[in-house]
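In: Build me a structure from this.
(one chain, ligands or ions: 4)
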Amino acid sequence: TIRWKKTTLSYRLEMIRHWHPDTSKVNRTFRAAWKLWSSVAPLKFRKRNRREADIVISFHNGDHKDGSPFDGQGGILAHAFLPGSGIGGDVHFDADEDWSFNLFAVAAHEFGHALGLPHSSDPGAIMYPAYSFAPNYELQLSFRDVKDVQHLYG
Ligand SMILES: CC(C)C[C@H](C(=O)NO)C(=O)N[C@@H](CC(N)=O)C(=O)NCc1cccc(N)c1
Ligand SMILES: [Ca+2]
Ligand SMILES: [Zn+2]
Ligand SMILES: [Zn+2]
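Out: Numbers count the residues shown, from 1 in each chain. Ligands and ions are numbered 1, 2, ... in the order given. Presented below is the predicted three-dimensional model:
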């Protein structure tokens with residue numbers, strides 16, 4: 001299983017201003033999405049600005065030279081790399097999406113991948129492949145998500 005060998009992970013937001021004017025809202029959204037995972041597993045997430053971070057989060061559109069081009073509005077919303085050095089753990093959001101309402105749910109899903117979680121067959125899981133646009137306030141981890149992340153880091 002691929003997982004981080006440490007339990008305090010650093011993350012950095014790159015060029016967010018470029019794609020999302022309201023950086024404070026983005027920061028709050030990501031902090032809340034990390035909290036979903038740190039509240040059920042012995043993990044800590046630290047936001048870094050300049051120094052090298054384990055997890056670099058950025059927005060891109062179309063082909064952004066990592067072998068997995070984005071596809072414009074709709075379809076693929078984001079992708080994340082499994083734990084590891086370099087691009088490992090990094091999270092890319094498709095800049096062509098309308099992030100005014102579902103950034104939290106998609107971030108929670110992608111951060112699960114960045115921690116090493118694959119897709120889950122449980123329709124109630126945040127790691128389920130397809131996103132049902134349930135209102136964010138209902139969004140919480142399913143038992144399956146908790147079991148899977150505790151299996152890796154519990
Ligand atoms: C093959 C992958 C690159 C698909 C991509 C994904 O799973 N990224 O992690 C993705 O954007 N999946 C869409 C569904 C699709 N269009 O295939 C999605 O909504 N993923 C994010 C998401 C957000 C919240 C909840 C769930 N269950 C899924
Ligand atoms: Ca897309
Ligand atoms: Zn990418
Ligand atoms: Zn996914």
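In: burial measure for the residue of the chain found nearest ligand 3, as a count.
Out: Closest to ligand 3 within the chain is residue 92: 3.4 Å, counting by C-beta to the ion. Just so you know, the C-beta spots here come from the backbone N, C-alpha and C atoms, and that holds for glycine as well. Residue crowding around residue 92 was assessed by other C-beta atoms under 10 Å; the count is 22.
In: For it, what are phi and psi?
Out: phi -120, psi 130 (degrees, to the nearest 10).
In: ok, now the one 4 residues further on?
Out: Residue 96 adopts backbone torsions of phi -80, psi 0, taken as degrees, to the nearest 10.
In: For it, which residues are in contact?
Out: For residue 96, the residues meeting the contact criterion (C-beta atoms under 8 Å, 6 or more residues apart in numbering) are 61-62, 70, 72-73.
In: and this structure, which residues reach ligand 2?
Out: Counting by C-beta under 5 Å from the ion, the residues of the chain lying close to ligand 2 are 71, 75-76, 94.
In: Would you check that the residue of the chain closest to ligand 3 makes contact with residue 65?
Out: No - in this structure residue 92 lies outside contact range of residue 65 using C-beta atoms under 8 Å: 10.9 Å.
In: so what pLDDT did the residue of the chain closest to ligand 3 get?
Out: Predicted confidence (pLDDT) at residue 92: the value is 97.
In: I'm done for today, thanks for sticking with me.
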